[in-house]
Structure formats: structure tokens, C-alpha cells
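Participant: Turn this into a model:
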Amino acid sequence: MTEQTAIDLAPIDLTAAAAARVAAIAAKQGKPAMLRLSVDGGGCAGFQYVFGLADTVAEDDVTAIRDGVTLVVDSVSLDLVRGSHVDYVESLGGAAFRVENPQAASGCGCGSSFSI
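Facilitator: Residues are numbered from 1 along each chain as shown. Below you'll find the model as predicted:
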């Protein structure tokens, strides 16, 4: 299976811009190029996205790989972000990872929290 096919079949996707940013951060910190996305209760819209570098992949995690970078999502969070695209966006307001979540009924202005 090619890397592109694996991405197409994954229930979540990582854009090339996000993969490049994760690779750069991981290289500076001497860590594996793995970004973990999880969802916690809270934030101004009910749920909030939490990002961090991962060291390992748990047995029940789901992964998507792009350009040698792995996006890791735990099985509980996956129910809330299935079908999403994780991107890295730079603008005048700052730079951040963004989740384009088709399940989100509403979100906050900063894009870091959502409701279903």
C-alpha cells in the first residue's frame, strides 16, 4: 500500500503544511515526527483540541502518515474528529494547527474549540 493510499483510507488527514511544521518542531526537539491530537472537554464551545508531540503510538490509536510525519489520535477522540483535516496556518493573527472538522456544529473564533 502506498503512503497516499494509506492517507486516503485514514479516518483523519494531515496536510502537507502541517506535516512540514511537525517535522521542523520534532527535529528541533530531537523527538519523533509524531503529532498527537486529542479532544478534551472545555474551551469556549464545549470541546477543545489538544496538540502535542507523541513519543509512541498506543495499541488503540489511529494514525495517518504524510511525508514521513505521523498524526496520532486516540480512539475516544477519533469519534469527535473523524473525517477531519489537520492543517497548519500562518496569518497576521499568528500561526497555529487548525482542525477542519466536518462534525463540528459550531466553533469559536480562534478555532481551538468546537461543539457537536
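
Participant: Show me where the chain has its helices.
Facilitator: If DSSP state H is used as the criterion, the helices of the chain fall at 3-9, 16-29, 75-81.

Participant: what's the closest of those helices to Ala95?
Facilitator: Nearest of the helices of the chain to Ala95, taken as Cβ to Cβ: helix 16-29 at 8.1 Å. All C-beta atoms are positioned from the backbone trio N, CA, C, and that covers glycine.

Participant: For the closest one, list every residue counted as buried.
Facilitator: Ala17, Ala18, Ala19, Arg21, Val22, Ala23, Ala26 (16 or more other Cβ atoms under 10 Å).

Participant: still on that earlier bit, same list, the helices of the chain, but as a markdown table with mean pLDDT please.
Facilitator: Listed next are the helices of the chain as a markdown table, based on pLDDT from 0 to 100:
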| stretch | mean pLDDT |
| --- | --- |
| helix 3-9 | 43 |
| helix 16-29 | 96 |
| helix 75-81 | 90 |
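
Participant: Much appreciated, bye for now.
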